[in-house]
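Enquirer: using only what follows, build the 3D model:
(one chain, ligands or ions: 1)
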Amino acid sequence: MTGLWSAATSGDLIADRRYAWGDAALTDGDFIAARDLFEQTVEQAPHWPPAYYALGKACLEAGDDAAARKALEQVLALDEADRLGAGLLLARLEGQASRAAMPDSFVAALFDEYAPRFDAHLVENLGYRAPRLIAELLASHPAHAPSIIYDLGCGTGLMAQAMPGPAQWFGVDLSPAMLAEAEKTGRYAALEAAELHAWLLARAPVSADLVLAADVFCYVPELEPVFAQVARVLTPGGRFAFSIQTHEGEGVVIGADMRVHHAPGLMRAMAARHGLAVLAEEQASTRRDRGMDVPGALYLMAKAAV
Ligand SMILES: C[S@@+](CC[C@H](N)C(=O)[O-])C[C@H]1O[C@@H](n2cnc3c(N)ncnc32)[C@H](O)[C@@H]1O
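Expert: I've put the predicted structure just below:
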């Protein structure tokens, strides 16, 4: 049944009703009732991934990690593409954040759904400011005006809109619906639906003066290969500016908000390994979550000028 299921219905009326009740119980914080109702849903619709996903969530909330793991593994068995993001919950359970935790299909589905209201919701309601902060960081470290800019995870094109100027912009994003919004800005010479690391691999060496990634790396657990490609595509003296969501521990974790949090020390270590000088590192929150500023950092790096 991989791929051939609807998120809206299991196709079985009784299962759908149990699922809706379970959902209401979960929202009310009654995890025991929710778990019971999702177990009934699973029994009634044993091939429907959302039932196992919801059961996994209810078990997690109820503190039964073993049962949660079993239910979430069943989601992955039924839906290899993991459109629901069961891998993320599993990665959080295991305390590990690998590439598998954030499948492309999950990110694309998330942002395809979000695209039409992204700008209004994020900027107006969540105080989203990564593009503006990155533009300000670049402006505060003057350099030659870039002529070719790669915008990784360009979304609706807010980054290009925050930086007026004659440069040629090239955007890549996993979500076609986000790209459709970016197209409307008229700021991009080309836009491509692809995973950003795969897209970078296909770029010519020494082909961009500036590479940007605004609020994107919170969906990318493994940045080492990305840094390697950024260093390869940058021209000598070319710059790399991005934001990350941070945490106080070591390494990379999946946070309670289901985003990837990177330790700042990792950025400095990767920069050193790939010949990038850190010109600026600033603590900065790029948006709010449930009324709280999300901890984060901004970076400006440069490849050595030869
Ligand atoms: C929070 S939005 C930010 C969009 C834009 N950079 C901005 O500042 O408005 C994150 C975007 O990154 C994209 N994205 C996440 N992971 C990606 C990946 N591995 N490859 C390409 N795009 C990715 C998402 O589809 C989404 O459009």
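Enquirer: what parts of the stretch 1-150 of the chain come near the ligand?
Expert: When proximity is defined as C-beta under 6 Å from any ligand atom, the stretch 1-150 of the chain approaches the ligand at 107, 111, 130, 131. Every C-beta, even on glycine, is put in place using the N, C-alpha and C of the backbone.
Enquirer: I'd like to know which elements the host helix or strand of residue 237 is packed against.
Expert: When elements are assigned from DSSP states H and E, residue 237 belongs to strand 234-245. Applying 3 or more C-beta pairs under 8 Å, 6 or more residues apart in numbering; DSSP states H and E, one finds that strand 234-245 makes contact with helix 130-139, strand 208-213, strand 260-262, strand 296-303.
Enquirer: tell me which of these sits most buried.
Expert: strand 208-213 (a mean of 26; mean count of other C-beta atoms under 10 Å).
Enquirer: and that one, C-alpha only, in PDB?
Expert: What follows is strand 208-213 as a C-alpha-only set of coordinates in PDB (Å, rounded to 0.1, in the frame of the first residue of the first chain):
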ATOM      1  CA  ALA A 208      28.700  31.100  -7.200                       C
ATOM      2  CA  ASP A 209      29.800  34.200  -5.300                       C
ATOM      3  CA  LEU A 210      27.300  33.800  -2.500                       C
ATOM      4  CA  VAL A 211      25.500  30.800  -1.100                       C
ATOM      5  CA  LEU A 212      22.500  31.400   1.200                       C
ATOM      6  CA  ALA A 213      20.400  29.100   3.400                       C
END
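Enquirer: helices and strands around it, which ones?
Expert: Contacts defined by 3+ C-beta pairs under 8 Å, 6+ apart place strand 208-213 against strand 148-152, helix 224-233, strand 234-245.
Enquirer: show me which of those has the highest average neighbour count.
Expert: Burial of those is given as mean neighbour count (mean count of other C-beta under 10 Å); strand 148-152 ranks first at a mean of 25.
Enquirer: mind listing residues that contact that one?
Expert: 157, 159-160, 163, 167-172, 188, 196, 199-200, 203, 207-214, 216, 226, 233, 242 (C-beta atoms under 8 Å, 6 or more residues apart in numbering).
Enquirer: alright, calling it a day.
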